[in-house]
Structure formats: structure tokens, C-alpha cells
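Enquirer: Please find the sequence and the predicted model below.
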Amino acid sequence: MRALVQRVSQASVSIDGEITGSIDAGLVILVGIHEDDDEEDVTYIVSKTLNLRIFRFDRSALDIHANLLVISQFTLYGDTRRGRRPSFSHAMPPEPAAALFDCTLRLFEQTGLNVQTGQFQAHMLVSIHNDGPGFHHDRLC
């Protein structure tokens, strides 16, 4: 299981022009589910995400009662090692992935944080307003 985590000042997800979920300050969490993932992986990724110390003063999403926008994103398992077209063969098939994604949402919701989402397998437009400094390096690599 993979989670791509973005700290945001606001974010939303729309399906067919209608907003289905939106948050103010918090985290956007794009979740990719591998063909071998199970509930143990869900528990690990939810705990790891909620306890990342990525907010000011070394605080986590739980510490600041962050809003969460959680989106399923099978493309996190895209493999481009062969050819020019990504292969998604390592992403879990839709039916079992939907069940694990629902399990993931339930664990996030059990925290009492505001959890918003889109719709599994829908064509979604996700709007993200990143919050935080970019990477800065004084020397050229």
C-alpha cells in the first residue's frame, strides 16, 4: 500500500462538476492499493499517515485535528520500467481494492477527524492548494 501525502491549505474533489468532498487546512492522502495488500497494510498506512510530524512545531494530523481528503489512486502502482506505457498490473483489481479502500476510510474516520472522499473508480478532479515550503538547496547538484 502506498500513500502520497500533501499538506494543504484547502482541497476538494469533484465528479462531473459537482464537489463531493472538500477540506480546509489539512492533508490530501492519495491511496494506492497493491495486489498483495491486506488489512494489516491498511492499519500500518493509516497509523503512519496520522502520526507523521509534518505540521508546525513538530505536530501530527492527530495533534492539530487536521481535515483529511482521502482519494483512491491506483496509478501510484504504475510501472514504466518496460516501454512507454505504464502498467498497472500490480495494483489490486477494483472489487477487492474497493473493500480495502473502504476499510482505510473507516480507520481514518475512527479518529474523529473530518474525513472527506470522492467516489471509488469515478473520474475525479482533485484540486489541491499545497501548504508549505518547497525544497531549497543552496548548491547546484
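Expert: Alright, I've got the coordinates.
Enquirer: Just read off the phi/psi values of the nearest residue to Gln121 once chain neighbours are set aside.
Expert: Sequence neighbours aside, Pro94 is the residue nearest to Gln121 in space, at 5.8 Å (criterion: CB to CB, 6 or more residues apart in numbering). C-betas here are computed from N, CA, C, even on glycine. Dihedral angles of Pro94 (phi, psi; degrees, to the nearest 10) stand at phi -50, psi -50.
Enquirer: Can you list the strands that the strand ranked longest in the chain pairs with?
Expert: Counting by DSSP state E, the longest strand found in the chain is strand 2-15. On the basis of DSSP bridges, the sheet neighbours of strand 2-15 come out as strand 18-23 (antiparallel), strand 26-32 (antiparallel), strand 125-130 (antiparallel).
Enquirer: Minimum distance to Arg84: which of the ones you listed has it?
Expert: strand 26-32 (20.7 Å; CB to CB).
Enquirer: How about residues contacting the helix or strand just after the closest one?
Expert: Later in the chain than strand 26-32, the nearest helix or strand by DSSP states H and E is helix 39-51. For helix 39-51, contacts defined as CB atoms under 8 Å, 6 or more residues apart in numbering pick out 1-3, 5, 27, 29, 31, 34, 60-62, 100, 103-104, 107-108, 111, 113.
Enquirer: which residues of this structure score low on pLDDT?
Expert: Residues of the chain that meet the criterion pLDDT under 70 lie in 133-141.
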